[in-house]
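S.K.: Have a look; sequence and predicted model below, questions after that.
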Amino acid sequence: MSGNVKTNPQLVALISDLKAKTRENGAAVWRDIALRLEKPKRNWAEANLSKLERYAKEGDTIIVPGKVLAAGSVTKKVTVAAYGFSDAAAAGITAAGGKTMTIRELMDSNPKGSDVRIMR
């Protein structure tokens, strides 16, 4: 058996829905995220708040195909969608006036994936 078989039904459904959204809207960003989430979890992105602070601009919508961690701090008001957040990272983003959401919530609210930046 291959070591890269996804067994989490929510993750499998999310990957499938991301690819379907790409076919519907021609939004390549969703296919890109799906392919990243298909990789082994150890290869997923991990972004710290300090990385968000360094690379995001005020008002950006950022997608992290993995987990957001709490090292550092963020002062900019950004919207961050990720597969997961540490509790402290989510608190740090909202304390700065930003917003956290799941990848599915972002896909549903922005089907074309416009003005979304991927952070690896």
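M.R.: Right, received. Where do you want to start? Numbers count the residues shown, from 1 in each chain.
S.K.: Go through whichever helix in the chain runs longest and flag the buried ones.
M.R.: Longest helix in the chain, counting residues (DSSP state H): helix 9-25. Residues of helix 9-25 classed as buried under the neighbour-count rule (16 or more other Cβ atoms under 10 Å) are 14, 15, 17, 18, 19, 21, 22, 25. Bear in mind the C-beta positions are built from the backbone N, C-alpha and C, glycine included.
S.K.: List the contacts of the first one.
M.R.: So that's residue 14. Counting by Cβ atoms under 8 Å, 6 or more residues apart in numbering, residue 14 touches 34, 37, 103, 104.
S.K.: my guess is the last one contacts residue 17, does it?
M.R.: Yes - Residue 104 sits in contact with residue 17 when judged by Cβ atoms under 8 Å, with a separation of 7.1 Å.
S.K.: Which residue, other than its chain neighbours, is closest to residue 84?
M.R.: residue 67 (4.3 Å; Cβ to Cβ, 6 or more residues apart in numbering).
S.K.: Could you grab the helix/strand/coil label for the one you found?
M.R.: Recorded secondary structure, residue 67: strand (DSSP: H, G, I helix; E, B strand; the rest coil).
S.K.: Please name the residues that touch residue 73.
M.R.: The contact partners of residue 73, by Cβ under 8 Å, 6+ apart, come to 49, 50, 53, 92, 96.
S.K.: cool, residue 85 as well?
M.R.: Neighbour list for residue 85: 67, 68, 93, 100 [criterion: Cβ under 8 Å, 6+ apart].
S.K.: From residue 52, how far out is it?
M.R.: According to Cβ to Cβ, to the nearest Å, residue 85 stands 11 Å off from residue 52.
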